[in-house]
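A.B. asks: predicted coordinates and the sequence they were generated for:
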Amino acid sequence: MMRSCQKLSELLIGSLSTLPRHTLGFSVGQRCLQNRAFTEPKKNVDPKQQQQREPHQSLRPNPYHYPLPSLPVPPLGQTLAKYFDSLKPFLSDGELKHTKKLLEEFEKPGGEGEKLQGLLEQRAKLHENWLEEWWLQKGYLEYRSPLPVNVSPGIVFPHQSYTNIEGQLRTAAAFVTHIMEFRELINSGQLEPDSMKGKPLCMSQYLKIFGSYRVPGNTHDEIIVGGEKEDPPFIVVMHRNVLFQVPVQHESGEALSQHELFQQLLSVVTQATAHPTVPVGILTSQDRTTWARTHKALAMKCKMNRHHLELVQKSLFVLCLDSPNEALNSGKKKSQLTNSSRQVMHGDGSNANSGNRWFDKTLQLIVGADGVCGWNYEHTLIEGPPLFRMMEYIVKQTGAGSGHQNSHTSASGNNIAKHATEVRAKHMPFELDTPLVELIDSAKDQMDMLVKDVDLEVMDFDSYGKDFIKSRKLSPDSYFQMAIQLAFYRLYNQVPPTYESASARQFLRGRTETIRSASEESANFVEALVAKAGAATVKKLLTEAVKAHKAYGADASNGNGVDRHLLGLKLTAVEHGMNIPAFLMDVGYTTSTHWKLSTSQGNSDLMAFMCYGPAVADGYGCCYNPMKDRIIAGISSTRSYAATNSRRFAETVADSLMDMRKIVE
């Protein structure tokens, strides 16, 4: 099943290993924080016990010392009332009556709800973030499906316009140089902390970007968080499916210059051509249990294999120097943005660049031969905003932020070898036997099936953007959410259960909360517009829907959402051997958490956007960047479900945006 935001209902009524994961959050634009001279709040917990309980915390010293509150547990009655209201667009009167009865029974004084709420509040007193460990283990590490498409999003950079392999390598060297600068800003505390509406946000995710790795396991994976002892630091570079260890720092501690990095990459290209191999990296695209078995066989084959697997784990990140993708240049009628999203999200198949990836690594930088660049990141430890911010930094520092023609065109690819003389990157081969090669062939087949089933389309709507929406005194995020509600209703004549991620980073080590974007107000608006109600009526209903969505989003970011609280109640019951609450097993919950729209906002003033798979087979994934004068959205669905079609949905969203403009003008 395709997913980046896996349906929470599966976690709460079935397997404990699935829940929403495409948790991007809100704007990355406001970052001003005047005073950082504070101390971190501490709980009365022994440091050794704390480290054992929370091994996913970075060993790197945290330079961001300012107090942040712990994630609260909302009042039980408040959560249940909000939850019930959120069901009204989806359930019949009879179903609502049944659910209300279950909620009233759960909320009785001295009953099941009061006991679970008390136990959850006790947990919150013992943990700086009561959700954190559950979120990692149940939401990510126990999840068994393949990482690409289902878990790991892609962030597409502005298109780069170099014309040959030297331009590709010089761009890659520039990006690596500026990534290392950004890393130093993080480690030294010089990176201005993110903030939202004047409130400082938790910066802990930034400390986990580099050196982190997801290790496959039979029943659950493990996460290795990068520490400070990458001595000397290095990256792994992949080209033509071959791996290389490339230093980024001299033994003296001085960083390699951009030219020296370029020389290293020249060496990579020269050696990769001389050492063709099967794509070992494509094994990381297998389902996690299969990859765990294969990983063990690969490691047991020889000491060299174990050493090279360890090097990938310890590397700061993986740089994927992609080869030309002939499929993208074969006359297929797809836009450049759509083709770019395929390359960054999954590599476009085993005959393209899907084997030139290592999906276990938290951060992969993709630099394509055809100007396609971006991140692919393993989602366990980090959300999108830190990577959007780092993307903005490195692209702007490189001087290619607008996608203009850059100047990396000075030499022919035929002359590459003569330049690669100063340094030699270290080749990292793997010894393979026939069973391992057969496993690689099987992984290629599975990856190709996954790629084939993903229907990706990028909407580049250029008729207006957030400036116009703001001029109407409306929230751009809420406004766009109403546009996709309208598009879905026009296509399927139903209100879709909708997941949107809200940032919870104003809390210590906070991640996300769910905005249930479909509401009574949104349903009233779309139904009235489709029924061709009067213009004044439709405008009033649109304004009310936008206002309701904005209020729900603010509550979610402030720790007063619904879904994380319900998750905590359920997992508390499981841990204490109690029955799962009945209302989490009935039609109201299963219907409202079958996320037919899985959405998030990724803000940037650059032509950049995020893409990921849909949460459910009969739904859509949609991540959007509302720019000043346009809106870009990466839209996904599954080809195996005949009723969904990403291009048709994108076109209907665009039509809805045009109709909404007429309403509010």
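C.D. replies: Sure, I can see it. Numbers count the residues shown, from 1 in each chain.

A.B. asks: quick check: mean pLDDT of stretch 167-184?
C.D. replies: The average pLDDT within stretch 167-184 is 97.

A.B. asks: list the contacts of it.
C.D. replies: The contact list for stretch 167-184 (C-beta atoms under 8 Å, 6 or more residues apart in numbering) reads 160, 162, 190-191, 209-210, 235, 248, 255, 257-259, 261-262, 264-266, 269, 316-317, 319, 321, 365, 367-369, 373, 390, 393-394, 397-398, 400, 406, 408-409. For the C-beta atoms, the positions are set from N, CA and C on the backbone; glycine is no exception.

A.B. asks: just the buried subset of those residues, written out for PyMOL, thanks.
C.D. replies: Buried residues among the contacts of stretch 167-184 (16 or more other C-beta atoms under 10 Å), as a PyMOL selection:
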select buried, resi 160+162+191+209+210+235+248+255+258+261+262+264+265+266+269+316+317+319+321+365+367+368+369+373+390+393+394+397+398+400+406+408
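
A.B. asks: tell me which of the contacts of stretch 167-184 fall in helices.
C.D. replies: Under the assignment DSSP state H, the contacts of stretch 167-184 contribute 258-259, 261-262, 264-266, 269, 390, 393-394, 397-398 to helices.

A.B. asks: and of those, the nearest to residue 348?
C.D. replies: Using C-beta to C-beta, residue 269 comes nearest to residue 348 of the ones in helices among the contacts of stretch 167-184, at 20.6 Å.

A.B. asks: and residue 76, what does it touch?
C.D. replies: 107, 113, 114, 117.

A.B. asks: which of those fall in strands?
C.D. replies: With strands defined by DSSP state E, no entry of the contacts of residue 76 lies inside them.

A.B. asks: turn those residues into JSON lines, columns for pLDDT.
C.D. replies: As requested, those are exported to JSON lines (pLDDT from 0 to 100):
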{"residue": "107", "pLDDT": "98"}
{"residue": "113", "pLDDT": "98"}
{"residue": "114", "pLDDT": "98"}
{"residue": "117", "pLDDT": "98"}
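
A.B. asks: may I ask which helix or strand of this protein has the lowest mean pLDDT?
C.D. replies: helix 47-53 (a mean of 37; mean pLDDT, DSSP states H and E).

A.B. asks: what is the subsequent helix or strand relative to that helix?
C.D. replies: helix 76-87 (DSSP states H and E).

A.B. asks: hmm, back to that, could you dump the ones in helices among the contacts of stretch 167-184 to CSV with distance to residue 558 and pLDDT?
C.D. replies: Formatted as CSV, the ones in helices among the contacts of stretch 167-184 follow (distance: C-beta to C-beta, whole Å; pLDDT from 0 to 100):
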residue, distance to residue 558, pLDDT
258, 44, 96
259, 49, 96
261, 44, 97
262, 47, 97
264, 47, 97
265, 46, 98
266, 51, 97
269, 51, 97
390, 27, 98
393, 29, 98
394, 32, 98
397, 35, 95
398, 37, 93
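
A.B. asks: could you pull out the buried residues of stretch 435-453?
C.D. replies: 436, 439, 440, 443, 444, 446, 447, 448, 450, 451, 453.

A.B. asks: reformat these as JSON lines; add secondary structure, distance to residue 291 and pLDDT.
C.D. replies: Listed next are these as JSON lines, based on DSSP: H, G, I helix; E, B strand; the rest coil; distance: C-beta to C-beta, whole Å; pLDDT from 0 to 100:
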{"residue": "436", "secondary structure": "helix", "distance to residue 291": "13", "pLDDT": "98"}
{"residue": "439", "secondary structure": "helix", "distance to residue 291": "9", "pLDDT": "98"}
{"residue": "440", "secondary structure": "helix", "distance to residue 291": "12", "pLDDT": "98"}
{"residue": "443", "secondary structure": "helix", "distance to residue 291": "8", "pLDDT": "98"}
{"residue": "444", "secondary structure": "helix", "distance to residue 291": "14", "pLDDT": "98"}
{"residue": "446", "secondary structure": "helix", "distance to residue 291": "11", "pLDDT": "98"}
{"residue": "447", "secondary structure": "helix", "distance to residue 291": "12", "pLDDT": "98"}
{"residue": "448", "secondary structure": "helix", "distance to residue 291": "17", "pLDDT": "98"}
{"residue": "450", "secondary structure": "helix", "distance to residue 291": "14", "pLDDT": "98"}
{"residue": "451", "secondary structure": "helix", "distance to residue 291": "17", "pLDDT": "98"}
{"residue": "453", "secondary structure": "helix", "distance to residue 291": "19", "pLDDT": "98"}
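
A.B. asks: which one of those sits closest to residue 380?
C.D. replies: For the buried residues of stretch 435-453, the nearest to residue 380 is residue 450 (19.5 Å; C-beta to C-beta).

A.B. asks: so how far is residue 525 from the closest one?
C.D. replies: Distance, residue 450 to residue 525, by C-beta to C-beta, to the nearest Å: 36 Å.

A.B. asks: contacts only, for residue 547.
C.D. replies: Taking C-beta under 8 Å, 6+ apart as the test, what residue 547 contacts is 478, 521.

A.B. asks: again with the one 5 residues further on
C.D. replies: The contact partners of residue 552, taken as C-beta under 8 Å, 6+ apart, are 515, 516, 517, 519.

A.B. asks: what of residue 618?
C.D. replies: Contacts of residue 618 (C-beta under 8 Å, 6+ apart): 596, 638, 641, 643, 644.

A.B. asks: confirm it sits in a helix?
C.D. replies: No: under DSSP: H, G, I helix; E, B strand; the rest coil, residue 618 sits outside any helix and is assigned coil.

A.B. asks: any weak-confidence spans in the stretch 501-650 of the chain?
C.D. replies: For the stretch 501-650 of the chain, no stretch has pLDDT under 70.

A.B. asks: can you give me the helices in it?
C.D. replies: 520-530, 535-557, 563-575, 587-592, 646-664 (DSSP state H, counting those that start in this stretch).

A.B. asks: nearest to residue 278, out of these?
C.D. replies: Taking those one by one with C-beta to C-beta, helix 646-664 is closest: 32.0 Å.

A.B. asks: that closest one: which residues count as buried?
C.D. replies: 646, 647, 649, 650, 652, 653, 654, 656, 657, 660, 663, 664.

A.B. asks: would you mind measuring from the residue lying closest to the fifth one once chain neighbours are set aside to residue 663?
C.D. replies: So that's residue 652. Nearest residue to residue 652, sequence neighbours excluded (C-beta to C-beta, 6 or more residues apart in numbering): residue 487, at 4.1 Å. Distance, residue 487 to residue 663, using C-beta to C-beta: 15 Å.

A.B. asks: my read: residue 88 touches residue 99, true?
C.D. replies: No: using C-beta atoms under 8 Å, residue 88 is not in contact with residue 99, being 10.2 Å away.

A.B. asks: quick one: low-confidence ranges for the stretch 151-300 of the chain?
C.D. replies: In the stretch 151-300 of the chain (pLDDT under 70), the answer is 228-230.

A.B. asks: helices along that one, start to end?
C.D. replies: Using DSSP H, counting those that start in this stretch, helices in the stretch 151-300 of the chain cover 165-188, 258-274, 288-301.
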